[in-house]
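Engineer: How does the following fold in three dimensions:
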Amino acid sequence: MATAKKQTKKDLEAKIAELEAKLNSLSSQLSKPAETKPAEKPAEAKPAETK
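Structural biologist: This next block holds a predicted model:
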């Protein structure tokens, strides 16, 4: 029974690793557009302040 638990533990760890990789890739895809949008607003505000 101990070997069965180890196998299932390894299987679960492998699945968790796969899901974490998917989450990381998706979160990086979501964060990239979110970072570019706010970055444009301060860039537009700076020339307005200098005027």
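
Engineer: Run a quick neighbour tally on D11.
Structural biologist: 10 (other CB atoms under 10 Å). For glycine as for every other residue, the C-beta is placed from the backbone atoms N, C-alpha and C.

Engineer: Would you quantify the distance from it to L26?
Structural biologist: D11 is 23 Å from L26, where distance means CB to CB, to the nearest Å.

Engineer: Same check on K32?
Structural biologist: To L26, K32 is 11 Å away according to CB to CB.

Engineer: again with K9
Structural biologist: Distance, K9 to L26, using CB to CB: 26 Å.

Engineer: Ok, K10 next?
Structural biologist: Plainly put, K10 is 25 Å away from L26 if you go by CB to CB.

Engineer: Give me the pLDDT for K51.
Structural biologist: pLDDT for K51: 55.

Engineer: and what of A48?
Structural biologist: pLDDT, read off for A48, is 54.

Engineer: cool, and T8?
Structural biologist: At T8, the pLDDT value in this model is 91.

Engineer: Quickly find the element holding it.
Structural biologist: Using DSSP states H and E, T8 sits in helix 2-50.
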